[in-house]
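*Asks:* Give me coordinates for this.
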Amino acid sequence: MSYVAAIDQGTTSSRCIVFDASGSIVSVAQREHRQIFPRPGWVEHDAREIWEAVRQVVSEAVGSLEIAAVGITNQRETTLVWDRATGEPVANAIVWQDTRTDAQLRRFDQAFGEKAFRQRTGLPLAPYFAGSKLAWLLENGFHERAKRGELLFGTMDSWLIWKLTGRHLTDVTNASRTLLMNLETLDWDPEILAAVDIPRAMLPEIRSSAEVYGEVNEGPLAGVPLASALGDQQAALFGQTCFAPGEGKCTYGTGSFLLLNTGTSPVTSQHGLLTTVGYRIGDRPAVYALEGSIAVTGSLIQWLRDNIGLISSAAEVEELARTVPDNGGCYLVPAFSGLFAPHWRSDARGALVGLTGYVTKGHIARAALEATGWQTREVVDAMLADGDTPLAELRVDGGMTRNGLLMQFLADVLRVPVVRPTVAETTCLGAAYAAGLAVGFWPDTDALRANWQRDATWQPLLANEEVEREYGQWNKAVERTLNWV
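*Replies:* Got it, this is the predicted structure:
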């Protein structure tokens with residue numbers, strides 16, 4: 001019997017999971033790596049440490065199993081530059097959370113214009129994306145070497161592909177998070193590169209998400225085809241088998257990311273969402289998505305536990321929230337470092353409003369859970385305003401989906417069914433599915449759909465009038481957070 005392996009290089013850890021033909025987990029190994037904070041707002045990773053962690057988890061998870069293909073999924077936007085000759089990083093990787101690149105973004109705007117960036121790449125000029133991080137590295141000691149062709153750039157998928165196969169490649173989903181890829185041509189945009197002075201020679205070749213990139217050259221995977229790469233949120237979309245326009249997923253973790261399949265044409269957002277590549281299988285047309293990024297969801301529950309002491313474990317928040325029938329009139333907007341989609345307001349800060357003497361800690365716990373629901377509703381409303389692809393149902397994954405009260409609230413405020421799958425590790429599963437498709441382990445996407453199974457479904461129960469009245473109150477609470485800084 002053979003299996004498919006997936007390497008998940010995440011923000012805080014690296015994992016390897018092996019799946020069988022039914023999409024069930026056979027083995028798993030995980031190892032954390034350091035978070036490096038050289039200055040306020042700076043976040044870095046040691047790519048050598050990450051590579052060693054990947055080697056270890058692959059060895060532990062794969063062992064003597066027969067592997068038909070391996071895929072990669074990764075933290076997106078995290079930026080690395082390494083020496084073409086030695087393969088050694090020239091500096092730490094700059095992590096997607098890092099905010100050091102204001103000067104580079106101003107230069108990007110002056111050189112090409114934010115409107116043009118949005119039209120070509122689907123992205124706003126924000127420090128979140130890889131292009132300005134690469135520009136910062138070039139401006140801080142590496143530009144001449146890059147121009148001479150001595151250095152290579154990549155996100156973490158490229159780094160792992162290079163280490164595993166010796167090839168300098170990336171896929172369309174990761175390339176679409178750089179501010180440098182044209183969404184129409186699916187290639188690096190020469191006018192953008194010229195305007196922001198990034199040498200084309202240091203960029204990886206852009207390939208599809210599911211194709212054989214090469215064979216692994218070492219370890220227990222030696223000789224195995226490396227056959228997929230997807231950014232983590234796109235991998236979750238793929239693992240949730242959202243293959244038709246109107247199908248969407250939301251991953252509920254520290255923050256939350258909602259992706260909606262919009263088909264084979266990119267939809268330009270006018271309402272604060274990102275246009276991104278969802279996936280591309282072989283030489284078929286790329287499938288695009290709208291993405292809504294929510295900064296604080298699961299981390300709000302951690303804040304209640306660690307900073308406020310309202311609960312002693314994350315699981316307790318549901319029990320506490322169920323001690324009351326509603327939020328008691330209070331609303332908690334977790335704009336701890338500004339608001340992400342659809343507002344993109346860095347001046348916002350968190351607010352707890354509507355307090356009266358009636359409010360208890362149960363009401364606050366309920367307001368904290370409802371904040372995730374309302375923020376999801378804001379993103380879904382923006383998606384509906386941007387196109388004619390209505391959300392049919394929301395497929396959910398991530399740690400917060402164990403909270404039944406939250407899942408029911410999501411169904412109520414979104415007015416669509418909320419569905420949790422049997423296999424919760426949808427990010428790794430998506431990378432495995434794409435790799436398996438590329439080598440014929442699975443024949444087609446219909447076979448993947450057949451694997452997908454519902455674990456639980458929540459249907460809307462609240463009256464629409466009550467939902468809209470509460471949503472109006474939430475919007476008033478959001479207004480109170482703005483212009484704080």
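*Asks:* Now the element after the longest helix along the chain, going C-ward?
*Replies:* Using DSSP state H to define each element, the chain has its longest helix at helix 361-386. Where DSSP states H and E defines the elements, the next helix or strand beyond helix 361-386 is strand 394-397.
*Asks:* before we move on, back to that, in the longest helix of the chain, what's buried?
*Replies:* By 16 or more other Cβ atoms under 10 Å, the buried positions in helix 361-386 come out as 362-380, 382-383, 386. All C-beta spots, glycine's among them, are computed from the backbone N, C-alpha and C.
*Asks:* what helices or strands is it leaning on?
*Replies:* Applying 3 or more Cβ pairs under 8 Å, 6 or more residues apart in numbering; DSSP states H and E, one finds that helix 361-386 contacts strand 248-252, strand 256-263, strand 287-294, helix 298-303, helix 316-321, strand 331-333, helix 404-414, helix 464-481.
*Asks:* tell me how far it is from the chain's mean position?
*Replies:* 19 Å (Cα atoms, centre = their mean, to the nearest Å).
*Asks:* what do you get for stretch 411-422?
*Replies:* Counting by Cα atoms, centre = their mean, stretch 411-422 is centred 20 Å from the centre of its parent chain.
*Asks:* End to end on that stretch, go ahead and measure it.
*Replies:* 18 Å (Cα to Cα, to the nearest Å).
*Asks:* unless I'm mixing things up, Ile50 is touching Ile7, no?
*Replies:* No: in this structure, Ile50 is not within contact of Ile7 by Cβ atoms under 8 Å, at 10.8 Å.
*Asks:* So for these two, which residues contact both of them?
*Replies:* Residues touching both Ile50 and Ile7 (Cβ atoms under 8 Å, 6 or more residues apart in numbering) are Ser14.
*Asks:* report the angle between the axes of the longest helix of the chain and helix 404-414?
*Replies:* Note on geometry: by axes from the mean of the first three to the mean of the last three Cα atoms, to 10 degrees, helix 361-386 and helix 404-414 are set 40 degrees apart in direction.
*Asks:* Could you tell me the angle between helix 361-386 and strand 248-252?
*Replies:* 150 degrees.
*Asks:* Helix 464-481 and helix 361-386, what's the angle between them?
*Replies:* Using the same axes, to 10 degrees: helix 361-386 against helix 464-481 is 100 degrees.
*Asks:* Just give the closest residue to Lys133, not the sequence neighbours.
*Replies:* Once flanking residues are discounted, Lys133 sits nearest to Thr79: 3.8 Å by Cβ to Cβ, 6 or more residues apart in numbering.
*Asks:* Run a quick neighbour tally on that neighbour.
*Replies:* 25 (other Cβ atoms under 10 Å).
*Asks:* Also Glu184?
*Replies:* Neighbours around Glu184, by other Cβ under 10 Å: 12.
*Asks:* Check which helix or strand the closest residue to Tyr433 other than its chain neighbours maps to.
*Replies:* Once flanking residues are discounted, Tyr433 sits nearest to Leu448: 5.2 Å by Cβ to Cβ, 6+ apart. Using DSSP H and E, Leu448 sits within helix 445-451.
*Asks:* what is the mean pLDDT for that helix?
*Replies:* In this model, helix 445-451 has an average pLDDT of 91.
*Asks:* Buried ones in the helix or strand that that helix is followed by, by neighbour count?
*Replies:* Per DSSP H and E, the first helix or strand lying C-terminal to helix 445-451 is strand 454-458. By neighbour count with 16+ other Cβ under 10 Å, strand 454-458 contains the buried residues Trp458.
*Asks:* what separates the residue nearest the centre of the chain from Ile206, distance-wise?
*Replies:* With distances taken as Cα atoms, centre = their mean, Gln233 lies nearest the centre of the chain, 3.5 Å away. As judged by Cβ to Cβ, to the nearest Å, Gln233 and Ile206 stand 18 Å apart.
*Asks:* likewise Ala431?
*Replies:* The value you get for Ala431 to Ile206, if Cβ to Cβ is used, is 17 Å.
*Asks:* Just want to know which of those two has more residues nearby.
*Replies:* Taking neighbours as other Cβ under 10 Å, Ala431 and Ile206 compare with Ala431 leading, 36 against 20.
*Asks:* Skipping adjacent residues, who's closest to that one in space?
*Replies:* Sequence neighbours aside, Gly71 is the residue nearest to Ala431 in space, at 3.6 Å (criterion: Cβ to Cβ, 6+ apart).
*Asks:* Does the one you found touch Asp8 like I think?
*Replies:* No: using Cβ under 8 Å as the test, Gly71 is too far from Asp8 to be in contact (9.4 Å).
*Asks:* any residues in contact with both of the two?
*Replies:* Ala431.
*Asks:* Between those two, which has more neighbouring residues?
*Replies:* In this comparison of Gly71 against Asp8, neighbours counted by other Cβ under 10 Å, the higher total goes to Gly71 at 33 against 27.
*Asks:* which ones are touching that one?
*Replies:* Residues counted as contacts of Gly71 (Cβ under 8 Å, 6+ apart) are 4-7, 226-230, 431-436.
*Asks:* Could you rerun that using 6 Å?
*Replies:* The contact partners of Gly71, by Cβ atoms under 6 Å, 6 or more residues apart in numbering, come to Ala6, Ser228, Ala431, Ala432, Ala434, Ala435.
*Asks:* how close does the fourth one sit to Arg106?
*Replies:* Between Ala432 and Arg106 the distance is 41 Å, computed by Cβ to Cβ.
*Asks:* Which residue of the two possesses the greater neighbour count?
*Replies:* Neighbours were counted for Ala432 and for Arg106 using other Cβ under 10 Å; Ala432 has more, 35 against 12.
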